[in-house]
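**Q** Could you work out the structure for the sequence below:
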Amino acid sequence: MSDTLDWRPQEPAEALSDYAVLARRWVQQGWSLRAIALCKIILRLEPDHAPTRRLLSELDARKLDPNAPVGPAVPRPVPLERELERKPASASLLSGLGQWEFETMLESLELRDFEAGETIVEEGTPGDSLFAIVEGRVEVVRTLKSGRRRTVAVLEEGDFFGEMSLLSHVPRMASVRAFENTAVLELTRERLSLIVQRHPSVEGVLREFHRERLLDNVLRSNPLFRLLSNEQREVLSHDFELRARPAGAVLLEQGQPADALYLLLQGQCQVLHRDGTHGERMLRTLREGDMFGEIALMLGLNATATVRAETSCLLLRLDHGSCERHLLEQPAVREALAQMGHERLLRNAGLMAPLPDEATGS
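**A** Residues are numbered from 1 along each chain as shown. I've put the predicted structure just below:
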């Protein structure tokens, strides 16, 4: 952490009071996470430091967001496309907590420091923590299909990361490295479980926060959903379901009704087709960003193939009723879905064609 937040136990009590004043000033300037981290350091040195205890008792959801409701934690959806009015991630998460939940959360956060270049989380590993950046910057790095690694985002003070793996029990989707000396507040799964035992509504707040961020990214980046207006995407976002499925789970069964459109967020799925001659054959592998279920949606058919999770997967599901209301009524979207289904049918037909030796019987 920077020298501003670097203390040693032998420093006089007067200095701790100065730091408490600085923490209050940071709250007034909107640097709430930095102020929380500073308070935790002060209390680490002097657990009964009254000014700091008083500040933390005052620093509840209403201080972060004057419009936040008083009372227990309440998941509150935030419009996805109001970019200019969007609150920092810290406010959008913490302001969903009531006062008692907020104070319990503060007690459970652990302050950690990382040097420039140090890895905070590693792609593909189990995710047992979420993090809030107090100071510094981090880069989010993903491995591409080619095996190359690419920086896909840079996060700064006030940003959260890691909640997807923590809540969905799926491996980390990306690595996060400190771009410079960085301080974070960490909430572990173990401590979150203790919080939820005392305040069950906290889990709902975290899941709504995660859902909003996930849908924001998907709806703005997916070519199909970009055909919708901002208002249409906002309405559509409330009908999506986030689902985690283990390896081996069947997502669609050939010949059975398919009542939803799926978007694969993480993991891999196998597309399989069976017939009386060749048995079950794998047609292709679905990867992150792939959509399936559109053939049944457009043609009103049962599933034309089986889709099985090859690895643990995270998916977005949109039932056919929502598809009809939000997608099929839009000519451009309906045309794009029809094109996707047509191309998929042609590709499947080619993949299922007999090999030359099979066609000749040799």
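**Q** Skipping adjacent residues, who's closest to Val235 in space?
**A** Computed as Cβ to Cβ, 6 or more residues apart in numbering, the closest residue to Val235 that is not its neighbour in sequence is His326, at 6.7 Å. The way it works is simple: take the backbone N, C-alpha and C, and place the C-beta from them, glycine included.
**Q** what's the spacing between Met291 and Phe240?
**A** 13 Å (Cβ to Cβ, to the nearest Å).
**Q** no wait, Leu167
**A** 15 Å.
**Q** for the strand or helix carrying His342, which positions count as buried?
**A** Per DSSP states H and E, His342 falls inside helix 331-352. Buried residues in helix 331-352, counting neighbours by 16 or more other Cβ atoms under 10 Å, are found at Val333, Arg334, Ala336, Leu337, Ala338, Met340, Gly341, Arg344, Asn348.
**Q** which helices and strands does it pack with?
**A** strand 269-275, strand 279-286, helix 294-299 (3 or more Cβ pairs under 8 Å, 6 or more residues apart in numbering; DSSP states H and E).
**Q** Next, the angle from that helix to strand 279-286.
**A** 130 degrees (axes from the mean of the first three to the mean of the last three Cα atoms, to 10 degrees).
**Q** Mind listing residues that contact helix 331-352?
**A** 223-224, 227-228, 273, 275, 281, 283-284, 291, 294-295, 297-299, 304-305, 327-328 (Cβ atoms under 8 Å, 6 or more residues apart in numbering).
**Q** Just the buried ones from the residues you listed?
**A** 224, 227-228, 273, 283, 291, 294-295, 297-298, 304-305, 327.
**Q** hang on, the earlier thing: Gly279 versus the residue nearest to Val235, what's the distance?
**A** 39 Å.
**Q** okay, those two: which has more neighbours?
**A** Remark: of His326 and Gly279, His326 carries more neighbours, 20 against 9, as counted by other Cβ atoms under 10 Å.
**Q** Please name the residues that touch that one.
**A** His326 touches Leu228, Gln232, Val235, Leu236, Asp239, counting by Cβ under 8 Å, 6+ apart.
**Q** in which helix or strand would I find the nearest residue to Leu38 once chain neighbours are set aside?
**A** Leaving aside its chain neighbours, Leu38 sits nearest to Ala23 (4.3 Å; criterion: Cβ to Cβ, 6+ apart). Secondary structure assignment for Ala23, by DSSP H and E: helix 13-28.
**Q** name the helices or strands packed onto the helix or strand following that helix?
**A** Remark: after helix 13-28, the chain's next helix or strand is helix 32-45, criterion DSSP H and E. For helix 32-45, the elements it packs on are helix 13-28, helix 50-58, helix 89-94, strand 110-114, strand 129-135, strand 182-188, judged by 3+ Cβ pairs under 8 Å, 6+ apart.
**Q** Who's the closest spatial neighbour of Pro257, skipping the chain neighbours?
**A** The shortest distance from Pro257 to any non-neighbouring residue, by Cβ to Cβ, 6+ apart, is to Asn302 (5.7 Å).
**Q** That neighbour and Glu253, how far apart?
**A** 9 Å.
**Q** what do you get for Pro47?
**A** Counting by Cβ to Cβ - Pro47 and Glu253 are separated by 58 Å.
**Q** Among these two, which residue is more densely surrounded?
**A** Comparing Pro47 with Glu253 by other Cβ under 10 Å, the one with more neighbours is Glu253, at 14 against 9.
**Q** quick one, what contacts that one?
**A** Ala303, Thr306.
**Q** Same check on Glu310?
**A** Ala247, Gly267, Gln268, Cys269, Gln270, Thr285.
**Q** Walk me through the domains of the protein.
**A** Using automatic domain parsing, the domain parsing of the chain gives 1-59, 74-219, 225-358.
**Q** Can you add mean pLDDT and give the ones you listed back as JSON lines?
**A** Shown next, in JSON lines, are the domains of the chain (pLDDT from 0 to 100):
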{"stretch": "domain 1-59", "mean pLDDT": "72"}
{"stretch": "domain 74-219", "mean pLDDT": "79"}
{"stretch": "domain 225-358", "mean pLDDT": "84"}
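**Q** Buried deepest among the ones you listed, which one?
**A** Most buried of the domains of the chain, by mean neighbour count (mean count of other Cβ atoms under 10 Å): domain 74-219, with a mean of 18.
**Q** centre of the chain versus that one, how much separation?
**A** 8 Å (Cα atoms, centre = their mean, to the nearest Å).
**Q** what do you get for stretch 19-39?
**A** How far stretch 19-39 lies from its chain's middle: 27 Å, per Cα atoms, centre = their mean.
**Q** Kindly report the same for stretch 26-45.
**A** 26 Å.
**Q** Same question for stretch 281-292.
**A** Between the centre of stretch 281-292 and the centre of its chain there are 22 Å (Cα atoms, centre = their mean).
**Q** start the count at 53, not 1, going forward
**A** In the new count, where the first residue is 53, that last one comes out as stretch 333-344.
**Q** Quick check: end-to-end length of it?
**A** Taking Cα to Cα, to the nearest Å, stretch 333-344 runs 18 Å from one end to the other.
**Q** contacting residues for the residue nearest to Pro309?
**A** With Cβ under 8 Å, 6+ apart, Asn354 has these contacts: Gln306, Gly307, Gln308, Pro309, Ala310, Ala348.
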